[in-house]
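Asker: how does the following fold in three dimensions:
(3 chains)
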Amino acid sequence: MAVATRDSVFAGPSVYERSRIPSPVPTMLQVDPAIREQGDVMQVNFGPNHPSTHGVLRLVIDLNGERIVGLNAVVGYLHTGFEKNMEAKTYWKAITYAPRIDYVSFQNNELVFVLAIEKLLGIDVPAKATWMRTLLCELNRLHSHLIWLGTGALELGAISMLWYCFREREAILDLFELVAGFRMHTRYFQTGGLAEDVPVGFWDECRKFADVMPARIDDYEAILDNQAIFLERTKGIGLLSADDALALGQSGPVLRASGVNWDLRKREPYLAYDELDWNVPVYTAGDVYDRYKVRLNEMRESVRIVQQCLDGMPQGPWIADDRKVVLPPRHELHTSMESLIHHFKLVTEGYRVPEGEVYVPIESPRGELGCYLVADGGPRPWRVKFRAPSYVALEATATVMTGALVADLIAIVGSLDNVMGEVDR
Amino acid sequence: MAVEGNGRKRLADYGLNSERLLMRRPGGVRPDPSKFEDELGDLEQKLMLTTLEKAVAWAQANSIWPDTFGLACCAMEMIAVVGSRYDIARFGAEVFRSSPRQADLLIVSGRVAHKMAAPLRQIYDQMVEPKWVMAMGACASSGGMFNNYAVLQGVDKVVPVDIYVPGCPPRPEAVLEGIVRLQEAVKAGVPPAYETRRVAS
Amino acid sequence: MTYDGLPGFLEERHAYGETTVVVERESLVDAALTCRDELGFNVLADIAAADYLGWGSKGVAGYWGTAGGRDINAPGSWGLQRTPASKPKRFSVSYHLLALRDEPSRIRLQIWCDEGEPVESVISVWPTADWHEREAWEMLGIRIESHPNLVRLLTEDDWEGHPLRKDYPLGGEPVRFSDAE
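Answerer: Numbers count the residues shown, from 1 in each chain, chains lettered A, B, ... in the order given. Here you go, the predicted model:
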């Protein structure tokens, strides 16, 4: 499919002509003074503690009856200071912080940070680690979309979807526990590969899951796609045109639902994605329903990728051979003095990453997750910045909610699939 | 029972040395976890609860309704507890109420930024007595791995906490153990934290 | 392709498969418009600002001590093996641009500024710069000119200071790790 191209709308200083992006502040919908004159505008606070805002998002909304005429998204209620904290720790420890940023697709955060470190170090990751990372990231994509679907449908009233999606989510978390020892925030990706070898029982369990999952996804589609209320509440709501999406820096399912065929796994491949056979779902209407369809079909594609990874998993080492970065095997510490010294230096001081700056983008379930890493040649990062897709997606709230009803707000916020951990970092 | 000048009772007034029930070491011996129920039985006699109080405590404990206060990663495990595998409904927490006015238990799940501390206290104040607070996870208990300018180092700085559940995030089974211990404490007559302890400064 | 036709062009670096183009701070908006309209960089992926206060001041590591001696007990104080190249100014603001087309291309447009020097907002070029610039101002104190809504985003409205600066403390509270403390 051809990529939507930029047309002359954006030539010149005014990007706001013929777009729904409010001006002058693109992220804030301001009440039209004429409506305010009529005197019936009420300001409502969708506070940080709300069951449907997917975390601590605060939306200050001006309502004229049921219609939203003003909107301001206030974030920062989960600001944790990740970036400053990671500057104070060695790279080994900083990797532990990364998964908690986007706590729903945790391994993607680990992956982007580890890829940035490996890019600066210039070490080669063995094939088995690359394929295993691909498999785990796709399982994590499934995990993220299941949570999105479960909670999103719950908020629209399809309460049973929560139980079904979380049943599958438990199966995925069992797989993570099998391979890495912990359900969430597995900290399984290490600089140079994986932290440990894959346990023997994992392949069979993963295959059992991958065989069962497509039928389950069909079940979800059957529940929701023929449901008149769901269709009524999602079709034609929260429109975002392709040009507006590009101007607002959107990526991921939000962009693909607006008709732009852009997936970093295909366009700027990383890991093993260019060796696998899978498709990118793209829909054109740019409404909440299309974002739902994109994610649902992405789940199907993820299962395909998982099955192909299982079929084509190479054998071999699970971590690179570079002893300046990777811990030596435990048994060597008894006999080799060099290994002991390396172990000591790596654990106490940490490995040194050469001076430089990199920006590594990957396709997280929410869009383009990027890590900008500045290294000074020492054992600790100088500056880490995570480009969070939900942060940018929330910038689009004012645009997608133009003219929406307050009841549509829940559906639209849900369709943007924001995780406040990565918005606030 | 002795009371303070302002009417607030202290734990000692209830005949308790410490609310850490399982840590009590009679004769310096660490109690066997299977003796938990025995100790609590002993406690009931010590507190001299009346049958009516016992019945009320039984009802309160077995129908603790949590408030939807999911903040971060722990919220994902809290939702897992609601799911069908680690069903929290069988422990009485049938529904998670969105309105704090209708909730009994505030499960603070996730890191509390300083910006969020004020809404947190507001939600706690809006809850109606008797109310309990569970600090779920390392971040709520003590600030967790985020010892920095942005994160509140422990939610007990703004609200009194009844039970701390460690983990990052705690497994759903750990959350359930926290709920069970809280239920046992309530049934034994241990007062909610706001009666016995001031909020740490 | 070379980018030396950009207004205010200063330097072009290629490293790790990435292209960094440094332009003068004053010609930022012109360079941004050129990138967007003529070179096709229609998406602004990220604005990442960094503070280089204290860059390379840890000295050289190994068995060579610095002038003031070495505190071998402080973790991570072993210093650097080689003093890194010095930076032109204190702050760098990197605009990560993406040309979203069939042959995608990425570039990092970078400017350098010191404390108090104003940086023009690129919100008129890419509307998505709104929150990124607010965050750069809030976290690092980089003054963004002609931004329509420059208020604090991630921290509270009355927060003082710019947390991600190197002279801002990490904060937190001291932790007791043993009975002895």
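Asker: tell me where chain B has strands.
Answerer: B:66-67, B:105-109, B:132-136, B:163-165 (DSSP state E).
Asker: checking my notes, A:Tyr359 in a strand, right?
Answerer: Yes. Per DSSP: H, G, I helix; E, B strand; the rest coil, A:Tyr359 lies within a strand segment.
Asker: up against chain C, what does chain B have?
Answerer: B:114-115, B:143, B:146-151, B:153 (CB under 8 Å from any CB of the partner chain). Quick note: C-beta positions are derived from backbone N, CA and C, even for glycine.
Asker: just to revisit the earlier point, as TSV, the strands of chain B with mean pLDDT, distance to chain A and mean neighbour count would be great.
Answerer: Listed next are the strands of chain B as TSV, based on pLDDT from 0 to 100; distance: least, CB to the nearest CB, whole Å; neighbours: other CB atoms under 10 Å in any protein chain shown:
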stretch	mean pLDDT	distance to chain A	mean neighbour count
strand B:66-67	90	8	26
strand B:105-109	93	10	27
strand B:132-136	93	13	28
strand B:163-165	92	15	22
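Asker: in chain A, what residue is nearest chain C?
Answerer: Chain C sits closest to A:Gly249 of chain A, with a gap of 3.3 Å, by CB to the nearest CB.
Asker: in the residues of chain B next to chain C, find the pair that's most separated.
Answerer: Largest separation among the residues of chain B next to chain C by CB to CB: B:Lys115 and B:Asn147, giving 17.5 Å.
Asker: so between the two, which is more surrounded?
Answerer: Neighbour totals were compared for B:Lys115 and B:Asn147, and B:Lys115 leads with 25 against 18 (other CB atoms under 10 Å in any protein chain shown).
Asker: run through the residues that contact that one.
Answerer: Residues in contact with B:Lys115 (CB atoms under 8 Å, 6 or more residues apart in numbering or on different chains) are A:76-77, A:79, C:155-156.
Asker: for C:Asn73, give me the pLDDT.
Answerer: With respect to pLDDT, C:Asn73 has a value of 43.
Asker: same question for B:Ala200.
Answerer: So B:Ala200 comes in at 51 (pLDDT).
Asker: cool, B:Phe36 as well?
Answerer: For B:Phe36, the pLDDT comes out at 53.
Asker: coming back round to it: the contacts of B:Lys115 also near chain B: which ones?
Answerer: Filtering the contacts of B:Lys115 for proximity to chain B (criterion: CB under 8 Å from any CB) leaves A:76-77, A:79, C:155-156.
Asker: mind putting those into JSON lines with neighbour count, secondary structure and pLDDT?
Answerer: As requested, the ones next to chain B among the contacts of B:Lys115 are exported to JSON lines (neighbours: other CB atoms under 10 Å in any protein chain shown; DSSP: H, G, I helix; E, B strand; the rest coil; pLDDT from 0 to 100):
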{"residue": "A:Gly76", "neighbour count": "27", "secondary structure": "coil", "pLDDT": "90"}
{"residue": "A:Tyr77", "neighbour count": "27", "secondary structure": "coil", "pLDDT": "91"}
{"residue": "A:His79", "neighbour count": "29", "secondary structure": "coil", "pLDDT": "92"}
{"residue": "C:Thr155", "neighbour count": "22", "secondary structure": "coil", "pLDDT": "89"}
{"residue": "C:Glu156", "neighbour count": "16", "secondary structure": "coil", "pLDDT": "87"}
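Asker: including distance to C:Gly5, could the residues you listed go into JSON lines?
Answerer: Shown next, in JSON lines, are those (distance: CB to CB, whole Å):
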{"residue": "A:Gly76", "distance to C:Gly5": "40"}
{"residue": "A:Tyr77", "distance to C:Gly5": "45"}
{"residue": "A:His79", "distance to C:Gly5": "40"}
{"residue": "C:Thr155", "distance to C:Gly5": "40"}
{"residue": "C:Glu156", "distance to C:Gly5": "44"}
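Asker: contacts for the helix or strand that contains A:Ala94, please.
Answerer: Using DSSP states H and E, A:Ala94 maps to helix A:91-97. Here helix A:91-97 makes contact (CB under 8 Å, 6+ apart) with A:82, A:85-86, A:89, A:110, A:113-114, A:117, A:187, A:189-191, A:346-347, A:350-351, A:353, A:379-381, A:384, B:145.
Asker: what secondary structure does C:Val125 sit in?
Answerer: What three-state DSSP gives for C:Val125 is coil.
Asker: pull the number of nearby residues for it.
Answerer: When neighbours are counted by other CB under 10 Å, C:Val125 registers 26.
Asker: show me the contacts for it.
Answerer: A:15, C:29, C:32-33, C:36, C:44 are the contacts of C:Val125 under CB under 8 Å, 6+ apart.
Asker: which SS class is the closest residue to it other than its chain neighbours?
Answerer: Nearest-residue entry for C:Val125: C:Ala32, 4.5 Å, with adjacent residues in sequence omitted and distances by CB to CB, 6 or more residues apart in numbering or on different chains. Three-state assignment for C:Ala32 (three-state DSSP): helix.
Asker: these two touch, right, C:Ala32 and C:Ile123?
Answerer: No. Look at C:Ala32 against C:Ile123 with CB atoms under 8 Å: they stay out of range, at 10.3 Å.
Asker: just to revisit the earlier point, redo the strands of chain B as JSON lines? Include distance to A:Asn226.
Answerer: Listed next are the strands of chain B as JSON lines, based on distance: least, CB to CB, whole Å:
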{"stretch": "strand B:66-67", "distance to A:Asn226": "34"}
{"stretch": "strand B:105-109", "distance to A:Asn226": "35"}
{"stretch": "strand B:132-136", "distance to A:Asn226": "38"}
{"stretch": "strand B:163-165", "distance to A:Asn226": "41"}
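Asker: re the thing from before, please flag which of the contacts of helix A:91-97 sit within strands.
Answerer: Cross-referencing these against strands under DSSP E gives A:189-190, A:381, A:384.
Asker: out of these, which is most surrounded?
Answerer: Neighbour counts for the ones in strands among the contacts of helix A:91-97 peak at A:Phe189, which has 29 neighbours (criterion: other CB under 10 Å).
Asker: do I have it right that that residue meets A:Leu111?
Answerer: Yes. With contact defined as CB under 8 Å, A:Phe189 and A:Leu111 form a contacting pair (5.8 Å).
Asker: anything in contact with each of those two?
Answerer: Common neighbours of A:Phe189 and A:Leu111 (CB under 8 Å, 6+ apart) are A:Arg133.
Asker: still on that earlier bit, the residue nearest to C:Val125: how many residues sit nearby?
Answerer: Residue neighbour count, defined by other CB under 10 Å, stands at 25 for C:Ala32.
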